[in-house]
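# Here's a sequence, model it:
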Amino acid sequence: MSPGVRFEGTARIAGRTLFGPLEIELPPAAWTCLLGASGVGKSTVLRLLADLPTGVAFEGTEAARREYRRARPRYASDMTDREWALVAPFMPPPRRLGRPRTT
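Down below sits the predicted model:
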């Protein structure tokens with residue numbers, strides 16, 4: 001079985017701690033969901049894992065040492081609302097509000 005991913009440390013920007021200490025273990029060949037309130041650093045963690053530029057120092061080293069254009073093909077994001085796409089065809093069309101116009 002291939003190994004999973006282990007991610008641990010503290011992230012800082014301009015000397016200010018963003019999050020940490022953080023420890024994440026992702027099992028191999030499994031889906032993982034990262035949940036949290038707005039602004040807690042979910043996107044930053046994902047960008048650090050993908051080695052994309054963040055402006056963040058992780059464990060004292062500037063993140064994303066590789067050039068962004070080389071790393072970009074390895075990063076994918078799905079921002080579509082699939083649940084809505086499944087329900088939308090069955091929703092009735094919107095009705096106009098107010099009184100009908102007289103001619």
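# from here on, contacts and neighbour counts on C-alpha atoms
OK.
# So for stretch 35-44, mean pLDDT?
If you average the pLDDT over stretch 35-44, you get 84.
# then that stretch to PDB, C-alphas only?
Taking C-alpha atoms only, stretch 35-44 is exported to PDB below (Å, rounded to 0.1, in the frame of the first residue of the first chain):
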ATOM      1  CA  LEU A  35     -14.000  21.800   6.900                       C
ATOM      2  CA  GLY A  36     -13.800  25.000   8.900                       C
ATOM      3  CA  ALA A  37     -15.100  28.500   9.400                       C
ATOM      4  CA  SER A  38     -14.400  31.300   7.000                       C
ATOM      5  CA  GLY A  39     -10.800  32.600   7.400                       C
ATOM      6  CA  VAL A  40      -9.300  29.700   9.400                       C
ATOM      7  CA  GLY A  41      -6.800  28.800   6.600                       C
ATOM      8  CA  LYS A  42      -8.400  25.900   4.700                       C
ATOM      9  CA  SER A  43      -7.300  27.300   1.300                       C
ATOM     10  CA  THR A  44      -3.900  28.200   2.600                       C
END
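# T54: how many residues sit nearby?
16 (other C-alpha atoms under 10 Å).
# That one is in contact with L46, isn't it?
No - with contact defined as C-alpha atoms under 8 Å, T54 does not count as touching L46 (10.1 Å).
# List of residues touching the top strand by length along the chain?
Among the segments of the chain that qualify as a strand by DSSP state E, the longest is strand 16-26. Residues from elsewhere that reach strand 16-26 (C-alpha atoms under 8 Å, 6 or more residues apart in numbering): 4-12, 32, 40-41.
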